[in-house]
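In: Give me a 3D structure for the following:
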Amino acid sequence: MTERPRRPRAFRIDGSDVVIAEPGSDHAHPGARTVVRPAAEPQPDPAGAALAAVAEPTRRRLISWRGVLAAGVGGLVSLALGLAVDRLISEAWARAEWLGWVGVACLALALLALLAIVVREVGGLRRLARVEHLRLAVAAAHLSDDRRAAPPLIADLAALYADRPDLARARAALAGHAAEVIDGRDLLALAERELMSPLDAAARILVLEAGKRVSVVTAISPRAIVDIAYVAWENLRLMRRLAELYGGRPGTLGFLSLVGRIFTHLGVTGGMALGDTLVQQLVGQGLAARLSARLGEGVVNGLLTARLGLAALDLVRPMPWTALPRPSLGDMMGELTRPTAPLGPRPDAAPPT
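Out: The predicted structure is shown next:
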């Protein structure tokens, strides 16, 4: 108890002057640092091992019978379509030679258009996959604060918007300040502020305008079928415009896949009527519903459209919401319910004094 306590010092465990001693050993090694081995090695938790075994994904089957069914049905449809076209062209050749050439020309045009559609759809799917890959990679790099992983991701983001003249100043500012940032997390935050800020402002305007249009059309529409058709069309149009704004530009198949993912995301994050205090916002529209049932219905539909647009932002944005605040429905509530201001003074208004 009379020995003076040693001051803490840092040393490498694998150094040449470090000796590993067993527990209870009194052997001193002059000139060497002694590290006592733990008395018992940590044993694996059987419950944790069982949970890991249960959580381990099952092996995928080598043969998917759904895929076999789809391949068989697709082959039969393609064969039937090919035989029908061959029969049509053969009958055209039998009637007149020029009819056969017309049929061949039409078939060539159809094949060319089909090839162009396939190329466009593949390009749209690749763009959506690129945006999703960037979002996941940026989120992983932000969590790990990896300085080496940040510059390639920022280069990919800049290449995604290389043909956008409205982001030329943002790309130049990012390239000028990127060398001055050391931490990977700060570098990603800089990229989000420079590249995403103008796009987020434009996306906010798109969501607000779509919500206002749905509210007005629903309030003045005479038929319920018109309401349903317009709300569906406006929501689909909003999702496509948001995807194009952030660089997705999906084709038909890619857009259908994106719509399914957006609705799945809505279900996971609490549904259209439970997230972002939407319930409180709907209750707050009770006065409008009492004044006019159509007005209350229009406000509710506008809020649901805005909620759908905000959910789409989480999927079409190539970066997660880290440095910038994620917009909420409560922030847009005032803009959605605010009446449009007149362009000038009213004719009966008194002149300013």
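In: Residue 202 contacts residue 245, doesn't it?
Out: Yes - counting by C-beta atoms under 8 Å, residue 202 does reach residue 245; the two are 5.9 Å apart. In this view, the C-beta of every residue, glycine as well, is placed from N, C-alpha and C.
In: Which one's more surrounded, the two?
Out: residue 245 (18 against 15; other C-beta atoms under 10 Å).
In: and the host helix or strand of residue 127, what other elements does it pack with?
Out: Secondary structure from DSSP states H and E places residue 127 in helix 97-144. Secondary-structure packing of helix 97-144 (3 or more C-beta pairs under 8 Å, 6 or more residues apart in numbering; DSSP states H and E): helix 65-95, helix 150-160, helix 184-191, helix 252-268.
In: For those, give me a markdown table that also has distance to residue 171.
Out: Below are the helices and strands packed on helix 97-144 laid out as a markdown table (distance: least, C-beta to C-beta, whole Å):
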| stretch | distance to residue 171 |
| --- | --- |
| helix 65-95 | 43 |
| helix 150-160 | 5 |
| helix 184-191 | 10 |
| helix 252-268 | 26 |
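In: Quick one: closest of the ones you listed to residue 116.
Out: helix 252-268 (12.8 Å; C-beta to C-beta).
In: which outside residues touch that closest one?
Out: 121, 124-125, 127-128, 236, 239-240, 243, 248, 250, 272, 275, 307-308, 311-312, 314-316 (C-beta atoms under 8 Å, 6 or more residues apart in numbering).
In: Go again with 6 Å.
Out: Residues from elsewhere that reach helix 252-268 (C-beta atoms under 6 Å, 6 or more residues apart in numbering): 121, 124, 125, 128, 240, 250, 272, 311, 312, 315.
In: So what's the predicted local confidence for the fourth one?
Out: Going back to what we said before, that points to residue 128. Turning to residue 128, the model gives it a pLDDT of 88.
In: Can you get me the start-to-end distance on stretch 155-172?
Out: 12 Å (C-alpha to C-alpha, to the nearest Å).
In: hmm, who's touching it?
Out: Contact partners of stretch 155-172, identified using C-beta under 6 Å, 6+ apart, comprise 134, 191, 194, 195, 247.
In: Compile the residues you listed into TSV and extend it with columns for pLDDT.
Out: As requested, the contacts of stretch 155-172 are exported to TSV (pLDDT from 0 to 100):
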residue	pLDDT
134	90
191	88
194	88
195	89
247	86
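In: if we can go back for a sec, switch the helices and strands packed on helix 97-144 over to JSON lines; also include distance to residue 230 and mean neighbour count.
Out: Listed next are the helices and strands packed on helix 97-144 as JSON lines, based on distance: least, C-beta to C-beta, whole Å; neighbours: other C-beta atoms under 10 Å:
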{"stretch": "helix 65-95", "distance to residue 230": "35", "mean neighbour count": "11"}
{"stretch": "helix 150-160", "distance to residue 230": "33", "mean neighbour count": "18"}
{"stretch": "helix 184-191", "distance to residue 230": "38", "mean neighbour count": "21"}
{"stretch": "helix 252-268", "distance to residue 230": "17", "mean neighbour count": "16"}
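In: between those helices, which one is nearest to residue 299?
Out: helix 252-268 (19.6 Å).
In: Now that closest one: average pLDDT?
Out: 80.
In: the inter-axis angle of it versus helix 97-144?
Out: Angle of helix 252-268 versus helix 97-144, following axes from the mean of the first three to the mean of the last three C-alpha atoms, to 10 degrees, is 40 degrees.
In: tally of neighbours for residue 249?
Out: Residue 249 has 17 neighbouring residues, counting by other C-beta under 10 Å.
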